[in-house]
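# Return a 3D structure for these sequence lines:
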Amino acid sequence: MKLIVKGLATEYSDEGEGPALLFLPGWMNTLHTFDELASQLASKNRIIRLDFPGFGGGTESPPTDWHVGDYASFVKDFIAKIGLTSYILVGHSFGGRVAIKGVAQGVLRPPRLILIASAGIARHRTFRNRLLTLIAKIGKALMHIPPFFLWRKYMRKKLYEKLGSDYLAAGALSQIYLNTIKEDLTECARKISVPTLLVWGSEDNMTPLKDGKLFAELIKDSKLEVLPGVGHSPHRDRPEEVARLIRNFLTP
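Alright, predicted model coming up:
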């Protein structure tokens, strides 16, 4: 299905009946990243999923280089557009980052929050993020200097792979990616007071388990559930277990 949000044609899905769960995908993922998890929950819940602007799904790209707050505002407008009055917010990775920002600012107002391998902790990666920004600037400069432009793509690719960065994959959203990783959300997390479920994989190398433990300390009414042997996508690797944790969390 499609509708217009902030002037952008926006792809979303809306299925099932019951308490609404609004799913926000990770960086460059689409609403289909939640297919298996949604199938586990759809019998008793209304499942709403959307594609973020520019992430390769059916939603148009942002007109400018958005920040995390702009994505939170986009979600707010989407909620208003479909007339959603009550919902549980579920965010994976970047989607969790948007959820944290939105809830902390009062832009998004769910009574409960579920964060799956959420991004948002940047302080311990400050050097890495500064290095990524520097590499991006150097790459742009070398682009115009022969003979460097002949092999700059190869060198940048190797550097980003070494740093474990999604910058290259971001393509046209590369500046949005840099805007995102610069923003630390620890203070935002402190402001969250709604009950929060944190779901993490023990082997996550994108948002490591120590991030989950820190969020558990920062968010007052939170509970951390760790899935052994799982990486950055618990909802894909263990959808049945994640669905069980969500059901338990939502049961009065």
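# How far does stretch 92-99 sit from its chain's centre?
Computed by C-alpha atoms, centre = their mean, to the nearest Å, the separation of stretch 92-99 from the middle of its chain amounts to 3 Å.
# go on, stretch 192-212?
Distance, centroid of stretch 192-212 to centroid of chain: 12 Å (C-alpha atoms, centre = their mean).
# again with stretch 35-51
Counting by C-alpha atoms, centre = their mean, stretch 35-51 is centred 17 Å from the centre of its parent chain.
# looking only at pLDDT, what's the mean for that stretch?
Taken as a whole, stretch 35-51 carries a mean pLDDT of 97.
# got the buried residues for that stretch?
Of the residues in stretch 35-51, those scored as buried under the neighbour-count criterion (16 or more other C-beta atoms under 10 Å) are 36-38, 40-42, 45-51. Bear in mind the C-beta positions are built from the backbone N, C-alpha and C, glycine included.
# Let's see which of the residues you listed end up in helices.
In helices, judged by DSSP state H, the following of these are found: 36, 37, 38, 40, 41.
# Check which helices and strands the one helix or strand residue 197 maps to sits against.
Element membership of residue 197 [criterion: DSSP states H and E] is strand 196-201. Applying 3 or more C-beta pairs under 8 Å, 6 or more residues apart in numbering; DSSP states H and E, one finds that strand 196-201 makes contact with strand 113-116, helix 209-218, strand 222-227, helix 234-237, helix 239-250.
# how near is residue 227 to residue 39?
Summarising the geometry, the distance separating residue 227 from residue 39, computed by C-beta to C-beta, to the nearest Å, is 19 Å.
# all strands for the protein, in order.
Residue ranges of the strands in the chain, as given by DSSP state E, are 2-5, 8-15, 20-24, 46-50, 88-92, 113-116, 196-201, 222-227.
# Can you dump the C-alpha atoms of stretch 2-18 in PDB for me?
This file holds the C-alpha atoms of stretch 2-18, laid out as PDB (Å, rounded to 0.1, in the frame of the first residue of the first chain):
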ATOM      1  CA  LYS A   2       1.100   3.600  -0.500                       C
ATOM      2  CA  LEU A   3       0.200   7.000   0.800                       C
ATOM      3  CA  ILE A   4       1.900  10.400   0.800                       C
ATOM      4  CA  VAL A   5       3.900  11.400   4.000                       C
ATOM      5  CA  LYS A   6       5.800  14.700   4.000                       C
ATOM      6  CA  GLY A   7       5.400  14.900   0.300                       C
ATOM      7  CA  LEU A   8       6.900  11.400  -0.200                       C
ATOM      8  CA  ALA A   9       5.200   8.400  -1.700                       C
ATOM      9  CA  THR A  10       5.500   5.900   1.200                       C
ATOM     10  CA  GLU A  11       5.200   2.100   1.100                       C
ATOM     11  CA  TYR A  12       3.700   0.400   4.000                       C
ATOM     12  CA  SER A  13       1.700  -2.700   5.000                       C
ATOM     13  CA  ASP A  14      -1.100  -3.000   7.500                       C
ATOM     14  CA  GLU A  15      -2.600  -6.300   8.400                       C
ATOM     15  CA  GLY A  16      -4.300  -8.200  11.200                       C
ATOM     16  CA  GLU A  17      -6.400  -7.100  14.100                       C
ATOM     17  CA  GLY A  18      -5.800  -6.400  17.800                       C
END
